[in-house]
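Asks: Have a look at this fold, sequence not included:
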Ligand SMILES: [Zn+2]
């Protein structure tokens, strides 16, 4: 299995080698992934799990590692549900831009006019619209508070 190889060209491998690069955004360290607070906090609680090994696809993890990674995703989703009570969670593994296995967990809320669409529709607008970008980056509460609240839920769920 190719799962232990790290790629020098991969931005996520570089961050995994030195997680201080995530500074205050690192929320949790699971055996198979790291959990990072995402930039788009209009979707309050948005997190990303980064798989520890450099693989492109979920099936490249062997069975136990794959199952554990999926359990870690589900634990984060459950923590976000418990803390923020969103209308729905969007759990997405894409990797079109960064080819290192990672998973976005986006809470979606009733107040979001685009709630029936994928978040990427709004994020595409933000790429060329500074006002939209500002809106999507700004949460109702600060990032330190979000991190603390999510950590408290994860602690509850893993202990
Ligand atoms: Zn990588």
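Replies: Everything's here; your move. Fair warning: this is a prediction, and the values are worked out from it, not measured in the lab. Numbers count the residues shown, from 1 in each chain.

Asks: mind listing the strands for this structure?
Replies: Assigned by DSSP state E, the strands in the chain fall at 26-29, 33-37, 47-51, 88-92, 102-108.

Asks: The last one pairs with which strands?
Replies: This points to strand 102-108. strand 47-51 (antiparallel), strand 88-92 (antiparallel) (DSSP bridges).

Asks: again, but for the first one
Replies: For strand 26-29, the pairing partners within the sheet under DSSP bridges are strand 33-37 (antiparallel).

Asks: right, is the strand it pairs with up against the ion?
Replies: No: remark: strand 33-37 sits outside contact range of the ion, by CB under 5 Å from the ion, the gap being at least 12.0 Å. In this view, the C-beta of every residue, glycine as well, is placed from N, C-alpha and C.

Asks: Could I get the average pLDDT for that strand?
Replies: Taken as a whole, strand 33-37 has a mean pLDDT of 98.

Asks: Tell me the gap between that strand and the middle of its chain.
Replies: Centroid separation for strand 33-37 versus its chain: 6 Å, with CA atoms, centre = their mean, to the nearest Å.

Asks: Could you measure from residue 63 over to residue 133?
Replies: According to CB to CB, to the nearest Å, residue 63 stands 41 Å off from residue 133.

Asks: With neighbour numbers in mind, choose between the two.
Replies: More neighbours surround residue 133 than the other of residue 63 and residue 133, with 17 against 7 (other CB atoms under 10 Å).

Asks: mind listing what that one touches?
Replies: Listed by CB atoms under 8 Å, 6 or more residues apart in numbering, the contact set of residue 133 reads 126-127.

Asks: Next, the buried residues of the longest helix along the chain.
Replies: For the chain, the helix reaching the highest residue count under DSSP state H is reported as helix 63-84. For helix 63-84, the neighbour count (16 or more other CB atoms under 10 Å) marks 65-66, 69, 72-73, 75-77, 79-81, 83-84 as buried.

Asks: possible to save those as TSV with pLDDT and distance to the ion?
Replies: Shown next, in TSV, are the buried residues of helix 63-84 (pLDDT from 0 to 100; distance: CB to the ion, whole Å):
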residue	pLDDT	distance to the ion
65	98	15
66	98	17
69	98	14
72	98	17
73	98	18
75	98	22
76	98	20
77	98	23
79	98	25
80	98	25
81	98	29
83	98	29
84	98	29
